[in-house]
Structures are given as structure tokens and as C-alpha cells.
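> Here is a sequence together with a model predicted from it:
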Amino acid sequence: MSISDTARSLGLGKLALHLYHNPVGRLRLSLREGGPLQQYRTEVGRREMEQAANTLPLLPMIVDAQAPLELHLLTGGRFWYQTAFCLWTLARHAGRTLSPVIYDDGTLTDEFRQPLVRLFPAVRFVSSGETIARLDEHLPATKFPHLRERWVNYPNLRKLTDPHLGRSGWKLVLDSDLLFFRRPDFLISWLDQPTQPLHAVDCETSYGYTRPLLNSLPAQPLADLVNVGLCGLNSSELDWEKLELWCRTLHEREGTSYYLEQALVAMLVAGRECAIAPAADYATLPVEAEAIECHAVMHHYVAESKRWYFQTNWRRASAP
């Protein structure tokens, strides 16, 4: 028996995970987030943001001939207040009425829906029951086992399936952890007349799988830096059988990945002309100087930039 086999038989791998890898991982995360004191301040700020979402002021009534801006978001009990701030700051600077479509992840009770209804009377909720019925009709587990398994165990996939499955037309799907500081002319122009897929620019290419494998699946090589915090696609164009094949192939060859949804979208838009949100105006993981000064139109607060999101910037974005 080899040393590695012996270690596994004695359970030393799990012991090492418990005694070394997990603590080291937590330490590295703490350092990236500014240390224990900053992590504490971030959590305090997060709780205050959640409370403040209940008292965001109503925006002025807008009377014009322009159609409301339809936006699609997945949310639930853990993230409803981020959804509220995202939509409220966008509406505040857009000067347009919003017609949000919100997909319930199964935890969006009336307690969390009511503040969203107060702010956005035209909001429409798609219940988890409605979504599951649509899945059973258009994406049955017998025919799409990998997509259905990922839908259950990998919630990020729902940002692709839930707004688009069994539907038609262009849709802009937003992550909730966005704040807007200026008028999002690029997004408004796309929403008023969409003709090509839209995506944001990532701070680094993050697809979760090796590039040779990814490039072997669609007809064209993938572009770099596709980020799906902003993602505009035409529901009518999505080939779910192809997506099932890609999902199955990636899983069988290289396992699961947190970035699967982003990889799938990057494959869907490979070789296509896209509307790409200017990185300077639509900042994914804003660096410290930008996170403090807020020159961009929008921030997407991923990873360690959550510190600025929860401690200071939701306050700045909602200040009179």
C-alpha cells in the first residue's frame, strides 16, 4: 500500500482538511477582506443595509411615453435587500420607471416581497413553484439530467434557466450585488433596442475549466473576461440540448465549478458581436481607489470588494 493510500485509509486527508486547509483558507480570506476588524465592520454594515432597505424613500413618479425598463433578477430571503438597493439606485439615476421580474429562489416570503412591492409597484414575482413547473415542461430530468441536477445544487445556473426557459425575446439579467452611481446610458440604450448579447467585463477570466476543453465545445473560441453580473440574451436563441451536452461534458471531464454559469454564457456568445459594458463605467470588483471615489456608473461588488459595499457605498448610493 502506498503512503497516499495509507493516509486515506486512516482518514488523514479529512484531518488535514480540518486542521490545516480550512483554517489556512479562513486566514487568507480574512487577510483579503482587511482582517478581523474589517470583517466585523463589514458584517455590521451588512446588517444596517438590510434594515435600511425597508425604509428606502419612494422615488418620484415618472410620467412619460417611454416604456418601463424590464429587468430580471433571482433573489430570496438572504439577498432581497441587495436586490432592493440594486434596483432603487438604478431607477434613481435612470429616471425611468422599472418593471422588474424577480425569480424567487424558494425563500422569498411575503416579509421580503413587501419592501420590493412598496418601491416598485410594477414588480412581478415568479414563484419557485411556477419555475419548477416550467422546468418539468421544458427541461424534464429524464432528458436533461445534468442541467436539472445543477439547477438543484448550483443556484447560479438559475440565473440562466429561470428567466429564459420556455420564453422568447431579449432579457437583461442582473446580479443583486450592484450599485449605480450615475445614469446607466449603455444599459438603457440596450434595453430600449436590444439586437445582440450583452455582458460585463470581468476583472480576470474566470470560467472554472481548462481553456482547451472550453474551446472544443462551441464553434468558436471563447473571448476573455466575460462576466455575467450583467447578462443580456435572447431566450428564443438558447439551445437547451446543446447546453445539456456542454454541461455533461464539462462535468465528466473536469468536475463541477462555481463558474459553470459564466462558462456556459461565454460559450453561448463565442464568436458573436456583443454589447460589452465599458469596464471603466461598469466596474467588476472595483479596486480600492474606485471603491472609495465611485467615479464609475456601476459597481459589482464581488469577492473582497464586499468590504466597501457593506461598510460605506450603499450609504453613499442612497444619500439624498
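Perfect, thanks for sending it.
> Where does the nearest residue to residue 248 once chain neighbours are set aside sit, in terms of helix or strand?
Closest residue in space to residue 248, ignoring its immediate chain neighbours: residue 146 at 4.4 Å, by CB to CB, 6 or more residues apart in numbering. Every C-beta, even on glycine, is put in place using the N, C-alpha and C of the backbone. Assigned by DSSP states H and E, residue 146 belongs to helix 145-153.
> I'd like the average pLDDT over that helix.
Across helix 145-153, pLDDT averages out at 98.
> Quick one: residues in contact with it.
Outside helix 145-153, the residues that touch it by CB atoms under 8 Å, 6 or more residues apart in numbering are 135, 139-141, 157-158, 161, 240, 243-244, 247-248, 251, 256, 260.
> ok, so what distance separates the residue nearest to residue 248 from residue 90?
Per CB to CB, to the nearest Å, residue 146 is found 34 Å from residue 90.
> between these two, who's got more neighbours?
Neighbours were counted for residue 146 and for residue 90 using other CB atoms under 10 Å; residue 90 has more, 24 against 18.
> Setting the sequence-adjacent residues aside, check what's closest to that one.
residue 180 is the one closest to residue 90 (CB to CB, 6+ apart), at 4.6 Å.
> do residue 128 as well
residue 106 (4.1 Å).
> Check residue 309 too.
Spatial nearest neighbour of residue 309, excluding adjacent residues (CB to CB, 6+ apart): residue 301 at 3.6 Å.
> again, but for residue 117
Nearest to residue 117 is residue 123, by CB to CB, 6+ apart, at 5.9 Å.
> which ones are touching the one you found?
Residue 123 makes contact with 99-102, 116-117, according to CB under 8 Å, 6+ apart.
> Okay, now the unreliable bits of the stretch 1-150 of the chain?
Applying pLDDT under 70 to the stretch 1-150 of the chain flags the ranges 1-33, 65.
> try 80
Within the stretch 1-150 of the chain, the segments meeting pLDDT under 80 span 1-35, 62-65.
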